[in-house]
Each structure stands twice: as structure tokens, then as C-alpha cells.
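K.L.:
Got a predicted structure here, sequence first:
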Amino acid sequence: MGLEEQVLERVVPSPEEEARIRATVEDIRGRVSAAIRARGLDAEPLLVGSVAKGTHLSDPEIDIFVAFPRETPRETLEKVGLELGEFLKEKVRQYAEHPYTRGRWNGFEVEVVPCYRIADASQKMSAVDRTPLHAAYVLEKLKPGQRDQVRLLKAFCEGIGVYGAEAKVQGFSGYLCELLGLRYGTFRGVLEAAVGWRRGEVITLEKAASKAFPEPIVVVDPVDAGRNVASAVGEDALATFAYAAKEFLEKPRIAFFFPTPRKPLTAAKARALLRRRGTTLLGIALPAPNLTDDVLYPQIRKAQRAIEDLSRKADFRIARSRAELVGGRVLLLFEFEVFELPLARKHRGPPAWVGNSEDFLARWRGAKEALTEPYLEDGRWAVDVRREATDAGSLIRMHLRDLSLGTHLDKAARRARFLRDGQVLTKAFLREATALLDPRFPWR
């Protein structure tokens, strides 16, 4: 049995699971239809997503969109849309562009999402209205033999850590994988194309894009030329995919699809690695706000960048950083190449012959923060001044509440815990510390 057949044997639902999926879909549609009739509504439950298109892997999510007429008031669509998912177990109300319900039924993750019924993308009234059109397009274009090729692509993306368009991953959505399968025909065809991708790559299946897009890669939505299906793909995810494609084509192996889970370093090994590297590890743990990942992760990344910018401007150098949600806490991890600096910092001023040099002299002569009188160096005024803080931890602690971390993390910063070196290397955080200190690709 070849490698691809081995993968498909593991990711394609068995006949028994497929039967359970289909029975669950019909049960859910029946319940939603009954609820629609009971309310006297003109609405239709539609199966969308990978299950509708036959490109799903084992244990799939079942997506039911409920299409309402376009004249339905938005308030009605939102209120009734939530009610139609009331029967789900472990249900959670999710709030994206408009509310929907996520929960479980018969062992599967299920979403019940209200949308408007449209014939083409020009009629869309909300971002999700195009989704039934996506399902219809793929069903029409995808040949039966290509479904397993798409499954291979999805399993590959999952294995290398770039599957999912959610903010946590910033990777390849299921619909994007399906379009790439259509565009290049086979799983290996996609990988061969990806080896040559560069930042700014534009891929079309139907019409050219109706506008320019700023993202690293553009895949023009065949049902809406004004949308980039790959808009969620971050630069790291794109580069990882292209590099993994090259490595796989050179040396195919099962680890690309099913990598061996990495064991965290022990605290002793992590401490030894830090000593050998001569770096300093700083962790900042904040209580995680009760938000969906798609709302929380952009704020987490914003906080990460704000702390990096603050440190860089003060001459503290960060080798790598990582941000993750761990056990109800937001963990921001930074490995510093330069964590401590002397009290004195040279502050350069204007050339001596520039008119505003007198302002510089007036500002710094006898100033409390000055460690020297202003002096000339290479024809420019300079003065040695006191640093605000001599270590990065103190600087960040002083300014954390002043930084723009994000609406909800600004409040969480009031309860921040600062952890240094061994204090980070506890059971709770060792997995994240390992990922930071040993940044190997999953397949390696």
C-alpha cells in the first residue's frame, strides 16, 4: 500500500462512520425544519461545509445554514437563528458578524448558522451568505476522484500545523483546500505549484480579482471576485506550507500527515538549554477574557507586538517570542538576547551647527536624568542619560498598563504575573516553553 493510500485509510470516514454522519445530518435537518414550521417561517436548512461536498475527514464538523428570505429583518434572523440551534447539547452562542449556535449532537460538533438566501454574491447582506454558493460551486466542479485528493491536502495541512482559517491558526481553510484541489487537480499538483509560490501570488479559477488584495497569497473566490479566499493565511503559514511541500516532494513520509507529538522538555533540560544559549526567558501570564478565539487571538498578538516594540525601542533585544492560551491564561513568552543593560544610555542630539542645538543644550544641562553634561562627538551633541529601567522585565512591568494590548487584555493586564527563567518552566507552561526554545517543524 502506497503512502497516500495509507493516509486515506486513516482519514476517510469508515462506511459505519459515514452512515452515522448522514443519519445525524438528517436528524438535525429534521429538527431544524420542524422548528421552522412551528414558527411559520419561510426558511430552509442547508447542509454546507466539507460534509456537503464529500471532502470531510473523520470526525467532521457538521454545518447547517438556515437560509432566510432577503426581506427578513436582521433582528428576526438573529433571534430566530439562535432559537433554531436550541436543541444542541453543550451549546455555546457564538457572535461573529451575527449570532449563531455551536454545540454537539450525536458525538459531532455542529453549527447552526442563519443566513440570507441569495442567488449570487452581489446580493449578499452578511459575510456568511456566500457559504451555500461555495458548497454549490465545489459540488458542481469537483470530480469524484478529486475528493480524496482534497482530503490528502487537508490532512497534510493539519499535520504541518497550518489547517484552519481561524485567528489562532491563520492558515488554510477547508474551502481554500478545495479550490486549490480544483485548480491543480491533485494533492501533489498543489504541492508542486506551492514550491514556486512567492509573496503576492495570485491564483484564479474563474474571473480575475475585481480589486487588489494586500495579503501574502490571493486565491480569488470563484463566486465573488471581490473576495480573497486566502485572506486568513499568514506569512508564516504560507512559508511553512511551501517549505513542507518542497521537503515532502523530495522525501515523502507519513510524518507530514501524522507527526509524532513532541514531548515537552523537562524543567532541568530547559534550564540547561537556557544556560547554554545565554538568553533570558520572560513570561507574562494574564487571566484570559471569556471570548471566542477569533476575538481573543488578534488581541493576544497585538499585546505580543506591543511588548516587542516597547522592548526594542529601549534597546532590549528579543530573539523569539510566542503567545498562546494555556489553561485559562494568556501566556506571552519572550526569549531575550539582551535582557539587562547598564544604567547609562547615550542620547544623541543635533549637529553642533544646527540652529536648534541650543534647545538640546538647554534641555540637558543640569537635567536630573543626565549623567554627564552635553558633549560633542563626531560633530554632534550627545549626553549620557539614565535608563528608565536596566532590565526588560522592569520596563515592561512599568508600562504594561499603558500599552494598547486590546480592549479586553488592557483590563487583564492589571492582574498580570511576571515569570522569569525557572519560574516559567513549570508543568503548566513547559509545553509552550519547549515550542519556543526548540522551534522544529512538526514533521521533524
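P.N.:
Arrived safely, thanks for sending. Residues are numbered from 1 along each chain as shown.
K.L.:
alpha carbons only for contacts and neighbour counts from here, please
P.N.:
Fine.
K.L.:
what about this protein, any weak spots by pLDDT?
P.N.:
Across the chain, the stretches falling below the confidence threshold (pLDDT under 70) are 96-97.
K.L.:
Walk me through the domains of it.
P.N.:
According to the domain assignment given by automatic domain parsing, the chain is divided into the following structural domains: 13-128, 146-256, 267-341+390-437, 344-386.
K.L.:
Next up, phi/psi of the residue of the chain lying at maximal distance from its centre, please.
P.N.:
Among the C-alpha atoms of the chain, the one farthest from their average position, using C-alpha atoms, centre = their mean, is that of W353, at 51.5 Å. W353 has phi and psi values of phi -90, psi 0 when expressed as degrees, to the nearest 10.
K.L.:
circling back to that earlier point, which stretch among the domains of the chain comes nearest E5?
P.N.:
Ranking these by proximity to E5 (C-alpha to C-alpha) places domain 146-256 first, at 9.5 Å.
K.L.:
Look at the closest one and report the distance between its end residues.
P.N.:
With C-alpha to C-alpha, to the nearest Å applied, domain 146-256 spans 20 Å between its terminal residues.
K.L.:
Likewise for stretch 169-180?
P.N.:
Across stretch 169-180, the straight-line distance between its terminal residues is 19 Å, by C-alpha to C-alpha.
K.L.:
Can you report how many residues lie near L152?
P.N.:
L152: 26 surrounding residues under other C-alpha atoms under 10 Å.
K.L.:
Secondary structure element holding it?
P.N.:
helix 146-160 (DSSP states H and E).
K.L.:
about what we covered before: between the domains of the chain, which gets nearest to G2?
P.N.:
domain 146-256 (10.4 Å).
K.L.:
what about that closest one, distance to the chain center?
P.N.:
Averaging C-alpha coordinates over domain 146-256 and over its chain gives two centres that are 15 Å apart (C-alpha atoms, centre = their mean, to the nearest Å).
K.L.:
Next, R199: secondary structure please.
P.N.:
coil (DSSP: H, G, I helix; E, B strand; the rest coil).
K.L.:
so it touches P216, yeah?
P.N.:
Yes: assessed by C-alpha atoms under 8 Å, R199 is found in contact with P216 at 4.9 Å.
K.L.:
out of the two, which sits in the busier spot?
P.N.:
The residue with the greater number of neighbours, taking R199 and P216 and applying other C-alpha under 10 Å, is P216; the counts read 21 against 12.
K.L.:
Now A167: closest residue in space, sequence neighbours ignored.
P.N.:
Nearest residue to A167, sequence neighbours excluded (C-alpha to C-alpha, 6 or more residues apart in numbering): D294, at 4.9 Å.
K.L.:
can you confirm the one you found is in a helix?
P.N.:
Yes: according to three-state DSSP, D294 belongs to a helix.
K.L.:
the helices in the stretch 51-200 of the chain, which residues?
P.N.:
With DSSP state H, counting those that start in this stretch, the ranges of helices along the stretch 51-200 of the chain come out as 74-83, 131-141, 146-160, 174-184, 187-195.
K.L.:
of those helices, which approaches V7 most closely?
P.N.:
With distances scored as C-alpha to C-alpha, the stretch of the helices of the stretch 51-200 of the chain nearest to V7 is helix 146-160 (7.2 Å).
K.L.:
elements contacting that closest one?
P.N.:
helix 3-11, helix 174-184, helix 187-195, helix 235-250 (3 or more C-alpha pairs under 8 Å, 6 or more residues apart in numbering; DSSP states H and E).
K.L.:
just to revisit the earlier point, P259 is nearest to which of the helices of the stretch 51-200 of the chain?
P.N.:
Minimum separation from P259 across these (C-alpha to C-alpha) falls at helix 146-160, 6.2 Å.
K.L.:
With only the CA atoms kept, save the longest helix belonging to the chain in CSV.
P.N.:
Longest helix in the chain by number of residues (criterion: DSSP state H): helix 15-38. Backbone C-alpha positions of helix 15-38 (Å, rounded to 0.1, in the frame of the first residue of the first chain) are rendered in CSV as follows:
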residue,chain,number,x,y,z
PRO,A,15,-18.7,3.2,6.0
GLU,A,16,-20.0,2.9,9.5
GLU,A,17,-19.0,6.4,10.4
GLU,A,18,-20.3,7.8,7.1
ALA,A,19,-23.6,6.2,7.8
ARG,A,20,-23.7,7.8,11.3
ILE,A,21,-22.7,11.2,9.8
ARG,A,22,-25.5,11.0,7.3
ALA,A,23,-28.1,9.9,9.9
THR,A,24,-27.0,12.8,12.1
VAL,A,25,-27.3,15.3,9.3
GLU,A,26,-30.9,14.1,8.5
ASP,A,27,-31.8,14.2,12.2
ILE,A,28,-30.5,17.8,12.6
ARG,A,29,-32.2,19.0,9.4
GLY,A,30,-35.4,17.4,10.6
ARG,A,31,-35.3,19.1,13.9
VAL,A,32,-34.5,22.5,12.4
SER,A,33,-37.2,22.1,9.7
ALA,A,34,-39.8,21.2,12.5
ALA,A,35,-38.7,24.3,14.4
ILE,A,36,-39.1,26.4,11.2
ARG,A,37,-42.6,25.1,10.6
ALA,A,38,-43.6,25.6,14.2
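K.L.:
Give me the contacts around the helix or strand following it.
P.N.:
Read in the C-terminal direction, the helix or strand following helix 15-38 is strand 44-48, with elements assigned using DSSP H and E. Around strand 44-48, the neighbours that count as contacts under C-alpha atoms under 8 Å, 6 or more residues apart in numbering are 25, 29, 32-33, 62-68, 131-132, 135.
K.L.:
And for stretch 70-77?
P.N.:
Here stretch 70-77 makes contact (C-alpha under 8 Å, 6+ apart) with F68, P114, C115, Y116, R117, I118, M125.
K.L.:
Give me the phi and psi for the fifth one.
P.N.:
By that I understand R117. phi -80, psi 120.
K.L.:
I'd like to know how many residues surround the nearest residue to it once chain neighbours are set aside.
P.N.:
Taking C-alpha to C-alpha, 6+ apart as the measure, R117 lies nearest to A67, with 4.9 Å between them; neighbours along the chain are not counted. Using other C-alpha under 10 Å, A67 is surrounded by 21 other residues.
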